[in-house]
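**Student:** just a sequence and a predicted model for now, questions to come.
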Amino acid sequence: MRFVAKAKTRDYYHYGMERLLASDIARLHLDQITSQHATCFAATCSHLSPSTINCSLRTLRRALNLAQKWGKVAKAPDIELAKGERQRDRVFTDAEFAIYIELCRQPWHDVALLIRHEGMCPGECYKLEWNHVLLNGDGGLIHVAEGKTKARRRVLPMQPTVYEALLARWRAQGQPAQGWVFPCGSASGHFDENSAKNQHIAALHVIALAHKARQEQDSPEWIATHVGGIGADFVREHDATIKAGVQLFEPYCLRHTALTRLAEAGCDAFTLAKIAGHSSIIMTQRYCHPQAEAIERAFAKVVPQVTQSLSYR
């Protein structure tokens with residue numbers, strides 16, 4: 001009932017439960033399940049991908065935690081996930097994003113800008129409506145009105161690049177007061193995950209072709225002739241990135257990059273949690289990796305205050 005409006009979350013747990021019910025774990029009582037049973041389950045399913053195995057393990061962990069919460073078991077065992085699962089924590093460079101975004105088709109181009117510069121989740125962008133967007137002439141605000149938790153509902157200031165993109169889109173759509181920002185002919189009426197993946201893959205495919213062509217010839221004209229969708233000027237501008245190539249990444253990495261860059265710029269974990277819509281600061285800590293220089297700057301800010309305080313004594 002909790003996930004009636006979140007079909008994907010419900011389906012995720014349902015898929016994980018199906019595998020658990022087909023395993024030896026299904027014959028055990030809740031208070032008999034230990035971490036060793038989870039390890040044996042993972043070993044039995046070793047022919048499957050780590051993501052598939054972890055789907056069931058997360059479902060088991062969720063079930064046992066609920067059992068503890070409802071007083072059915074004294075303590076839920078620790079469930080260790082299978083290693084090797086594909087992570088969405090790739091952080092790419094500005095040069096990589098520059099060549100990527102230039103090859104993205106609409107509406108994914110503008111959605112990708114939102115994710116990268118605002119740190120929004122892809123799903124939040126797909127469902128964005130004009131009545132939740134404020135364009136005030138030289139800037140604007142985005143109201144994320146829906147989310148799994150209360151923390152997901154937040155207001156974000158628009159970055160200049162995002163403001164320009166949304167302003168142009170708003171004018172092109174006839175300056176609507178409501179309706180989808182990214183309308184599409186899908187069943188939902190708005191741009192969705194499947195269309196996004198297709199356009200995302202298409203952009204990466206062009207970069208891969210350009211990289212392969214660059215290994216054969218360094219002539220911009222020759223590369224542009226053998227790779228559709230780009231010109232010689234594009235090759236010259238992004239030659240270093242084309243030569244080095246761009247590693248594959250998932251669309252969610254745009255959000256991970258945005259939040260990581262904010263943390264690197266000095267955004268504290270609590271503010272970053274507000275921006276990301278995290279309900280727990282633990283989730284935000286994965287983006288915060290303070291270096292020695294940052295630690296020194298933090299102490300430097302309080303040293304003068306401490307010295308002044310001592311001088312009064």
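**Tutor:** That came in fine, so what should we check first?
**Student:** tell me the helix or strand right after the host helix or strand of T225.
**Tutor:** Counting by DSSP states H and E, the element that carries T225 is helix 220-226. Sequence-wise, the next helix or strand downstream of helix 220-226 (DSSP H and E) is helix 232-237.
**Student:** by contact count, what packs against the helix or strand just after that following helix?
**Tutor:** Toward the C-terminus, helix 232-237 is succeeded by helix 239-244 as the next helix or strand (DSSP H and E). Applying 3 or more C-beta pairs under 8 Å, 6 or more residues apart in numbering; DSSP states H and E, one finds that helix 239-244 contacts helix 94-103, helix 193-216. (C-beta placed from N, C-alpha, C; glycine too.)
**Student:** name the surrounding residues that touch the helix or strand just after the shortest one.
**Tutor:** So the one you mean is helix 94-103. Using DSSP H and E, the helix or strand that follows helix 94-103 in sequence is helix 108-118. Residues from elsewhere that reach helix 108-118, judged by C-beta atoms under 8 Å, 6 or more residues apart in numbering: 97, 100-101, 104, 120-122, 125-126, 128, 142, 156, 158-159, 161-162, 165-166, 169, 182, 191, 195-196, 199-200, 203, 251, 254-255, 257-258.
**Student:** for stretch 232-251, same thing?
**Tutor:** Contacts for stretch 232-251 (C-beta under 8 Å, 6+ apart): 86, 88, 90, 92, 95-96, 98-100, 102, 112, 115, 122, 196-197, 200, 204, 207-208, 210-211, 214, 220-221, 223-224.
**Student:** switch the cut-off to 7 Å
**Tutor:** Applying C-beta atoms under 7 Å, 6 or more residues apart in numbering, the external contacts of stretch 232-251 come out as 88, 90, 92, 95-96, 98-100, 122, 196, 200, 204, 207, 210-211, 214, 220-221, 223-224.
**Student:** mind giving me the PyMOL select for those, buried ones only?
**Tutor:** To isolate in PyMOL the members of the contacts of stretch 232-251 that are buried, counting by 16 or more other C-beta atoms under 10 Å, one can use:
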select buried, resi 90+92+96+99+100+122+196+200+204+207+210+211+214+220+223+224
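**Student:** for C45, see how far away the closest residue to L81 other than its chain neighbours is.
**Tutor:** The shortest distance from L81 to any non-neighbouring residue, by C-beta to C-beta, 6 or more residues apart in numbering, is to N54 (4.8 Å). Per C-beta to C-beta, to the nearest Å, N54 is found 10 Å from C45.
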